[in-house]
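> this one's sequence-less:
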């Protein structure tokens, strides 16, 4: 298991796919690529030979077929299925971003090119580079994963439900217009950890650490610190609003802002 921090500062523990499982999935993909290349080559030859094409055209056809299959197969499969090839599908694996989100064409293309050039074929000594880098990486990442910012996980296991912050009603209206794009992920993660571990802290640490985090957050957002509210409520409102903007409505309720109540005193 490895911890991933999503863009909304939610920490998830995902099961990492290790070398034996990934190697098995890779062998399945190699067989699929060989069959696909064979079919494409036969079709290409059946088109070129009747037209009197010479050996130069056949050499080009072979080269295009091999490169197209080595790069095009993983890129097309991972883009269409959001991180799965045939081998990964059979082994229950999926490629995800480093923050746990789904990959897109850019990630798949980077992994595909790195796999063909560095990890496996041209410079990879038939997979030796991928094996060594995966064994040296704590999350079993090959060169293509490092360049693309991805990791391979076991997708068949249910993911844990992330902890969601709940904003106090009297601070929800204050949090809605905040420019939360200015809040860095590391600071948001520190706030989330403070909220999740609040009950385990001593009262002195609760107060001092909360004040420090509130000051840092408000300084980043360039807004004054709300007076009369404990740090727990202010930080909870900030993280709850950050999560609300990212998570879909079925997971997080939609808030419709209204008048902001004014609280006087502690």
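All right, it came through fine. The structure presented is a predicted model; accordingly, all values stated were derived computationally and were not measured.
> name the SS class of the nearest residue to residue 117 once chain neighbours are set aside, please.
Closest residue in space to residue 117, ignoring its immediate chain neighbours: residue 123 at 6.0 Å, by CB to CB, 6 or more residues apart in numbering. Every residue, glycine included, has its C-beta placed from N, CA and C. The three-state label given to residue 123 by DSSP: H, G, I helix; E, B strand; the rest coil is coil.
> quick one: the helices in the stretch 51-200 of the chain?
For the stretch 51-200 of the chain, the helices defined by DSSP state H, counting those that start in this stretch occupy 55-80, 86-91, 105-114, 128-136, 143-148, 169-175, 185-196.
> ok, the residue most central in space within the chain to residue 189 distance?
With distances taken as CA atoms, centre = their mean, the residue of the chain nearest its centroid is residue 97 (2.3 Å). Separation of residue 97 from residue 189 (CB to CB, to the nearest Å): 16 Å.
> you'd agree the residue nearest to the centre of the chain is up against residue 149?
Yes: between residue 97 and residue 149 there is a contact under CB atoms under 8 Å: 6.1 Å.
> which neighbours do these two share?
Between them, residue 97 and residue 149 share these contacting residues under CB atoms under 8 Å, 6 or more residues apart in numbering: residue 107.
> so where's the stretch 151-266 of the chain uncertain?
156-164, 246-266 (pLDDT under 70).
> let's go with 50 and repeat that
The stretch 151-266 of the chain contains residues with pLDDT under 50 at 159, 250-266.
> who does the longest helix seen in the chain touch, helix- and strand-wise?
Longest helix in the chain by number of residues (criterion: DSSP state H): helix 19-48. Contacts defined by 3 or more CB pairs under 8 Å, 6 or more residues apart in numbering; DSSP states H and E place helix 19-48 against helix 55-80, helix 86-91, strand 93-97, helix 128-136.
> what's the most buried one of the helices of the stretch 51-200 of the chain?
helix 143-148 (a mean of 22; mean count of other CB atoms under 10 Å).
> and the contacts of it?
95, 103, 106-108, 110-115, 118-119, 129-130, 133, 137, 139, 150-152.
> let's see that with 10 Å instead.
74, 78, 95, 97-98, 103, 106-120, 123-124, 129-130, 132-134, 137, 139, 141-142, 150-152 (CB atoms under 10 Å, 6 or more residues apart in numbering).
> can you pull the contacts of the residue nearest to residue 117?
116-117, 129, 143.
> for the helix or strand harbouring residue 204, buried residues please.
Assigned by DSSP states H and E, residue 204 belongs to helix 203-221. Neighbour counts over helix 203-221 (16 or more other CB atoms under 10 Å) mark 206, 209-210, 213-214, 217-218 as buried.
> using JSON lines, lay out those residues together with distance to residue 241.
Below are the buried residues of helix 203-221 laid out as JSON lines (distance: CB to CB, whole Å):
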{"residue": "206", "distance to residue 241": "22"}
{"residue": "209", "distance to residue 241": "21"}
{"residue": "210", "distance to residue 241": "18"}
{"residue": "213", "distance to residue 241": "15"}
{"residue": "214", "distance to residue 241": "15"}
{"residue": "217", "distance to residue 241": "12"}
{"residue": "218", "distance to residue 241": "14"}
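> what's the closest of the residues you listed to residue 238?
residue 217 (5.8 Å; CB to CB).
> and the closest one, how far is that from residue 132?
42 Å.
> and what of residue 32?
Between residue 32 and residue 132 the computed distance is 25 Å (CB to CB).
> re earlier: what would the helices of the stretch 51-200 of the chain look like in TSV with distance to residue 40?
As requested, these are exported to TSV (distance: least, CB to CB, whole Å):
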stretch	distance to residue 40
helix 55-80	5
helix 86-91	16
helix 105-114	17
helix 128-136	25
helix 143-148	23
helix 169-175	56
helix 185-196	44
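> what count of nearby residues applies to the spatially closest residue to residue 191 that is not a sequence neighbour?
Closest residue in space to residue 191, ignoring its immediate chain neighbours: residue 235 at 5.0 Å, by CB to CB, 6+ apart. A count of neighbours around residue 235, defined by other CB atoms under 10 Å, yields 25.
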